[in-house]
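Student: below are the sequence and a predicted model for it; my questions follow.
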Amino acid sequence: MEVQKIKAIIVDDEKPSRDVLSNYIQENCPSIAIISECDSVNSAYKAIMEYQPDLIFLDIEMPKGNGFDLLKMFKTIDFKIIFITAFSEYAVQAFRFSAIDYLLKPIKISELIEAVSKVKQELATNHSLQNIQALLNNIYSPINESKSLVIPNSKGYSILKTNDIILCTADGYCTHFQLTGNKKISSSRSLKFYEELLPVGQFLRVHRSHIINLQHVKSFNLLGQIFLTEGHGCSLAKGYKESFYNSFRHTK
């Protein structure tokens with residue numbers, strides 16, 4: 001019995017870019033069937049409404065509206081999205097925060113195959129709208145505003161605000177988040193992953209097993225104990241004392 005293919009639309013205003021991506025997909029992703037190619041936000045909207053695709057390969061920067069403008073035209077997003085972007089590091093950070101797949105131009109075949117593989121695994125779920133909304137919030141919110149961090153878990157995703165994170169603790173290859181309101185969630189990502197992702201100046205590693213939100217520090221003592229809000233606390237390792245003292249002074 002023939003396996004049903006994933007119906008996909010390519011949205012990119014540059015024909016050479018569409019041709020390259022189309023060829024890469026046809027040669028390396030046999031599970032994908034390209035049903036339409038579009039060169040603008042308006043033509044993409046019409047194609048999506050007509051063909052009801054499973055997946056969109058969406059270029060961000062286009063004349064007469066960008067990829068985000070297209071997404072805001074839909075009340076419900078019931079298709080997967082792989083973004084194609086040449087955006088700055090700030091925007092890439094927003095993608096990582098929102099657990100959204102993206103490909104950087106020029107596209108690498110290995111990364112395309114990996115992104116398509118993730119889509120195949122996730123098509124049985126329906127979390128696209130939550131992730132996309134988190135991404136839009138992160139892209140358009142002021143730099144100093146709390147960001148929406150999407151945490152993958154066994155049931156889908158948890159979305160939380162960075163200001164609500166009190167403490168991050170390593171547990172092997174996993175990370176536990178202590179949140180305001182005595183809440184706790186866990187991620188299969190490592191503490192190092194979140195150390196590179198969380199906003200510098202607000203979050204600081206103070207131990208090989210702990211990252212704290214400096215906004216939630218209540219006090220500390222010379223014995224290397226840090227006391228956080230809502231009764232949480234952790235140890236301050238010797239190698240992190242200088243950076244902690246400097247950061248702590250700058251936040252108070």
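Tutor: Alright, I've got the coordinates. Numbering: from 1, shown residues only.
Student: low-confidence ranges in the stretch 151-252 of the chain?
Tutor: The model of the stretch 151-252 of the chain has pLDDT under 70 over residues 153-155, 248-252.
Student: for it, what spans make up the strands?
Tutor: If DSSP state E, counting those that start in this stretch is used as the criterion, the strands of the stretch 151-252 of the chain fall at 156-161, 165-171, 174-179, 183-187, 203-207, 210-213, 217-220, 225-228, 233-235.
Student: which of those strands is buried the deepest?
Tutor: Greatest average neighbour count among these goes to strand 210-213 (a mean of 24), per mean count of other Cβ atoms under 10 Å. For glycine as for every other residue, the C-beta is placed from the backbone atoms N, C-alpha and C.
Student: what pairs with it, parallel or antiparallel?
Tutor: Strand pairing for strand 210-213, determined by DSSP bridges: strand 165-171 (antiparallel), strand 203-207 (antiparallel).
Student: where do the helices sit along the stretch 101-250 of the chain?
Tutor: 109-122, 128-140, 191-197, 241-251 (DSSP state H, counting those that start in this stretch).
Student: any chance of the ones you listed in TSV, with distance to Leu228 and mean neighbour count too?
Tutor: Supplementary listing: those in TSV, determined by distance: least, Cβ to Cβ, whole Å; neighbours: other Cβ atoms under 10 Å:
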stretch	distance to Leu228	mean neighbour count
helix 109-122	35	15
helix 128-140	25	18
helix 191-197	16	16
helix 241-251	12	13
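Student: out of the ones you listed, nearest to Lys46?
Tutor: When these are ranked by distance to Lys46, counting by Cβ to Cβ, first place goes to helix 128-140 at 19.7 Å.
Student: Glu61 contacts Ile84, correct?
Tutor: No. Assessed by Cβ atoms under 8 Å, Glu61 is found out of contact with Ile84, at 9.3 Å.
Student: ok so, going back, reformat the strands paired with strand 210-213 as a markdown table; add distance to Gln130.
Tutor: Written out in a markdown table, the entries for the strands paired with strand 210-213 read as follows (distance: least, Cβ to Cβ, whole Å):
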| stretch | distance to Gln130 |
| --- | --- |
| strand 165-171 | 18 |
| strand 203-207 | 23 |
